[in-house]
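A.B. asks: coords please:
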Amino acid sequence: MNGIPGNIPAFGGNTMRPISRRTLGGLFGGGLVSAWNPARAMDPVRRTGKPLIKLAVAAYSLRQLLESKGGKPAAMTLEQFAEFAAGLGLGAIEPTSYYFTDTSNAYMARYKQFCTRLGLDISGTAVGNDFTTPDAAKQKSQMAQVVAWIEKCSILGGKTIRIFAGNLPQGETLQKAQQRCIGVIGEACDHAAKYGVILALENHGGITAKADDLLTLVRGINHANFGINLDNGNFHTADPYGDLEKLAPYAVVVQVKTEVQQAGKAKEPADLKRLVTMLEKVSFRGYLALEHEADEEPREGVARAIGQLQKLVGNQA
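C.D. replies: Below you'll find the predicted structure:
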């Protein structure tokens, strides 16, 4: 995008409400009263009461059905996705932003009502962004995307938005990319605070491929509207479960995959019981959303995995 002419069209097509220069100017220009305090390291999430793990399913789990292909309409609508989830006995869904063909605020309100009638909460949503880019115009475009979905998540009744950090730009040091990412996410969290939405940074490769590097971001951002989206399948290190344990205290939402891949080894079934036990040890209270990626018919695979998780969490869900 060359320049920022008046209004920036946010991610998702021409049905997305444009983000004004004033909104983004406030974000990038320090015009908000910030709850961001990078001078003090972020503490783990404070939790009271017993663990409460609530199951959900991410729309990404059914991406083969929700994506249009070759000019043909998708095999499944978001409404059908919600009905499928309700049929599995779930109480929540995570409708990924990618699959909204109508991104108007009016549709968000209608979809929330549709899900409410099915007895479904919207646990949150997810965007695909890059906050490490050094290009100022691209950075503003990425911020516009996240800002727009903060507002749409609020209309949906969602609690969290899964965000990414990004990859290490060529020729740049990790520290410089981290500093840029910390600043931008902190400003985005200021906007999220206006809507009661929490931005949840996922361990998703790039500058978050290692647990300690992600913790550097977490401790630098230190915002009341920030936490981790813990993904059990995204660490390809020598000790993926050990890395997950480091981050679990900061998790505000969890995405669970049915397969993991340790460094230098083939994929293997995820130890779902170990993951649930790990969350219980830190008294996790929030959503555990299935993000199914295994190579099998998606509806069958999702139903099988949800059944396993329902047995593990028992009456917590």
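A.B. asks: Quick check: which ranges of this protein have low pLDDT?
C.D. replies: Applying pLDDT under 70 to the chain picks out residues 1-41, 315-317.
A.B. asks: can you pull out the helices in it?
C.D. replies: 21-29, 63-66, 78-87, 105-117, 136-156, 174-193, 211-221, 240-247, 272-281, 298-313 (DSSP state H).
A.B. asks: Turn those into JSON lines, including mean neighbour count and distance to Thr48.
C.D. replies: For every residue, glycine as well, the C-beta is placed using N, CA and C. Supplementary listing: the helices of the chain in JSON lines, determined by neighbours: other CB atoms under 10 Å; distance: least, CB to CB, whole Å:
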{"stretch": "helix 21-29", "mean neighbour count": "16", "distance to Thr48": "32"}
{"stretch": "helix 63-66", "mean neighbour count": "18", "distance to Thr48": "36"}
{"stretch": "helix 78-87", "mean neighbour count": "18", "distance to Thr48": "29"}
{"stretch": "helix 105-117", "mean neighbour count": "15", "distance to Thr48": "27"}
{"stretch": "helix 136-156", "mean neighbour count": "22", "distance to Thr48": "25"}
{"stretch": "helix 174-193", "mean neighbour count": "21", "distance to Thr48": "22"}
{"stretch": "helix 211-221", "mean neighbour count": "19", "distance to Thr48": "21"}
{"stretch": "helix 240-247", "mean neighbour count": "19", "distance to Thr48": "21"}
{"stretch": "helix 272-281", "mean neighbour count": "17", "distance to Thr48": "15"}
{"stretch": "helix 298-313", "mean neighbour count": "17", "distance to Thr48": "19"}
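A.B. asks: now those in TSV, with distance to Gln262?
C.D. replies: Formatted as TSV, the helices of the chain follow (distance: least, CB to CB, whole Å):
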stretch	distance to Gln262
helix 21-29	39
helix 63-66	25
helix 78-87	31
helix 105-117	37
helix 136-156	32
helix 174-193	23
helix 211-221	14
helix 240-247	6
helix 272-281	13
helix 298-313	20
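A.B. asks: Nearest to Val57, out of those?
C.D. replies: Closest of the helices of the chain to Val57 is helix 78-87, at 5.2 Å (criterion: CB to CB).
A.B. asks: what's the angle from that closest one to helix 298-313?
C.D. replies: Interaxial angle, helix 78-87 versus helix 298-313 (axes from the mean of the first three to the mean of the last three CA atoms, to 10 degrees): 40 degrees.
A.B. asks: contacting residues around helix 78-87?
C.D. replies: Residues from elsewhere that reach helix 78-87, judged by CB atoms under 8 Å, 6 or more residues apart in numbering: 56-57, 59, 62, 65-66, 76, 92-93, 95, 99-100, 111, 114-115, 118-120, 299, 302.
A.B. asks: same thing but at 6 Å, please
C.D. replies: Val57, Ala59, Leu62, Ile93, Pro95, Phe114, Cys115, Leu118, Leu120 (CB atoms under 6 Å, 6 or more residues apart in numbering).
A.B. asks: nearest to Ala266, of the helices of the chain?
C.D. replies: Going by CB to CB, the one of these nearest Ala266 is helix 240-247, 13.6 Å.
A.B. asks: tell me the angle of that closest one relative to helix 211-221?
C.D. replies: Going by the same axes, to 10 degrees, helix 240-247 makes 10 degrees with helix 211-221.
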